[in-house]
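K.L.:
Sharing a model that was predicted from the sequence below.
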Amino acid sequence: MIVETAGVLFRRDARRDDWYFVPLTREASDDIREVPRPERGFGSIPVLVSVGSSSWRTSIFPDAARGVYVLPLKRSVREREGISEGDTVRARLDVLDG
């Protein structure tokens, strides 16, 4: 399943580090939820992601507060693509089966 989405990059404080995430749209999240798949830790779903010229494999996670999945955006990608907190990020996700 290929999903194209856009969201505003936000920072979540953790105990030791800051984590940056892009929320998927409600529509994209609903489409992803509809496909049955095996349970994984923290409700994660493996994806291949493209943002700008960067591509990598990661997982998306459900965010109960927002009611959507969120995509973690690592520092190397943010720096390479010139993305900062509050920027709108367009991403293409190839949602994997497992």
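P.N.:
Thanks, I have the structure now.
K.L.:
From here on, just use CA atoms for contacts and neighbour counts.
P.N.:
OK.
K.L.:
need the strands for this protein, in chain order.
P.N.:
For the chain, strands defined by DSSP state E occupy the ranges 2-8, 10-13, 18-23, 45-51, 54-63, 68-72, 88-95.
K.L.:
where does the protein have low pLDDT?
P.N.:
For the chain, the stretches flagged by pLDDT under 70 are 14-16, 41, 98.
K.L.:
I'd like the strands of the chain as a markdown table, with mean neighbour count appended.
P.N.:
Output for those, formatted as a markdown table (neighbours: other CA atoms under 10 Å):
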| stretch | mean neighbour count |
| --- | --- |
| strand 2-8 | 16 |
| strand 10-13 | 13 |
| strand 18-23 | 19 |
| strand 45-51 | 19 |
| strand 54-63 | 16 |
| strand 68-72 | 22 |
| strand 88-95 | 18 |
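K.L.:
Switch those strands over to TSV; also include distance to residue 78.
P.N.:
Below are these laid out as TSV (distance: least, CA to CA, whole Å):
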stretch	distance to residue 78
strand 2-8	13
strand 10-13	12
strand 18-23	9
strand 45-51	9
strand 54-63	10
strand 68-72	10
strand 88-95	10
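K.L.:
which one of the ones you listed lies closest to residue 36?
P.N.:
Set against residue 36 and scored by CA to CA, those come closest in strand 45-51, at 11.1 Å.
K.L.:
tell me, what residue is most central in this structure?
P.N.:
residue 71 (1.3 Å; CA atoms, centre = their mean).
K.L.:
hey, what's that residue bridged with?
P.N.:
Here residue 71 sits in beta bridges with residue 22, as judged by DSSP bridges.
K.L.:
got it, and residue 59?
P.N.:
Beta-bridge pairing for residue 59 (DSSP bridges): residue 46.
K.L.:
shouldn't it be in contact with residue 74?
P.N.:
No: contact criterion CA atoms under 8 Å: residue 59 and residue 74 do not qualify, at 11.8 Å.
K.L.:
and residue 42, what is it in contact with?
P.N.:
61-62 (CA atoms under 8 Å, 6 or more residues apart in numbering).
K.L.:
One more: residue 33?
P.N.:
Contacts of residue 33 (CA under 8 Å, 6+ apart): none.
K.L.:
Thanks a lot, see you next time.
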